[in-house]
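# Turn this into a model:
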Amino acid sequence: MKRGLGMLLVSVALLAAGCRRPPEGEALPVVRPFPLRVGHTAVVQFRIEPLRRDYGAPLLIGLRAPDPPGDVDASADEAEARFDSIRLRLRLWRRTPQGWQPVRLTQDVFVPAIRDWRTVPLENGVTVGAHEVSVDEVAFQAKGLSADPAYSYLTSYSRLVMPAAGLYRLEATLLDRGRAPATGWPVELFVSHPLPAK
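Numbering: from 1, shown residues only. Next up, the predicted model:
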């Protein structure tokens with residue numbers, strides 16, 4: 001009797017383990033090819049893991065490409081200007097018990113008049129300019145992704161400060177390719193946490 005009960009309990013445990021659903025959404029960081037065709041939209045579903053106080057590190061959304069982008073003669077200033085001229089529409093949602101709820105994104109913008117950076121909301125999700133960022137290289141390498149600054153020029157278009165843990169969905173649409181090279185520039189969309197503060 002005891003042996004039969006033990007086998008039954010083992011069977012129930014194995015069944016329960018087999019019924020466990022895998023976590024929804026991809027773990028960060030996420031990288032996707034992003035062809036610079038006007039109207040192109042990339043959709044990414046990802047999850048932010050719970051950390052201390054149930055919020056994560058700031059979330060970065062941006063583009064990356066080989067450094068220098070476009071051609072070997074491009075200077076760092078030209079590379080930044082090319083990224084700066086690209087316009088995206090970024091829309092982010094977080095899943096709640098009530099369904100998918102929109103999340104308002106912000107962007108760091110340099111204000112020449114005060115010679116300083118200001119964090120402003122994205123109006124209608126449209127980006128304005130970009131700036132270089134440092135990502136969590138350890139997290140990239142753990143997923144087999146390169147985050148070496150000598151390989152990739154990474155630029156952030158938007159950020160979400162201290163986001164809550166959970167499942168998110170991002171839609172990124174190219175509105176204007178700006179001064180980006182017409183061909184031969186393997187641009188990627190990335191979603192990542194920044195380099196952790198020491």
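
# going forward, measure contacts and count neighbours with C-alpha atoms only.
Will do.

# Let me see the ranges of the helices in the protein.
For the chain, the helices defined by DSSP state H cover 2-19, 76-85, 137-142.

# and those, which one's lowest on average pLDDT?
Mean pLDDT per stretch puts helix 2-19 lowest among the helices of the chain, at a mean of 42.

# Please name the residues that touch the residue lying closest to residue 89 once chain neighbours are set aside.
Once flanking residues are discounted, residue 89 sits nearest to residue 126: 4.4 Å by Cα to Cα, 6 or more residues apart in numbering. Residue 126 makes contacts with 87, 88, 89, 90, as judged by Cα atoms under 8 Å, 6 or more residues apart in numbering.

# repeat for residue 142
Counting by Cα under 8 Å, 6+ apart, residue 142 has no contacts.

# Any figure for the gap between it and residue 194?
Distance, residue 142 to residue 194, by Cα to Cα, to the nearest Å: 15 Å.

# Likewise for residue 176?
Noted for residue 176: a distance of 26 Å to residue 194, by Cα to Cα.

# Can you pick out the residue with more neighbours from these two?
For residue 176 versus residue 194, the count of surrounding residues by other Cα atoms under 10 Å is larger for residue 194: 20 against 16.

# Would you mind naming the residues that bridge with that one?
Beta-bridge partners recorded for residue 194 (DSSP bridges): residue 135.

# tell me the pLDDT at it?
pLDDT at residue 194 comes out at 81.

# just residue 158 next, same as before
72.

# so how many other residues sit close to the residue lying closest to it once chain neighbours are set aside?
Closest residue in space to residue 158, ignoring its immediate chain neighbours: residue 107 at 4.5 Å, by Cα to Cα, 6+ apart. Other residues near residue 107 come to 26 when the count uses other Cα under 10 Å.

# Verify the contact between residue 107 and residue 117 for me.
No. Between residue 107 and residue 117 there is no contact under Cα atoms under 8 Å: 9.8 Å.
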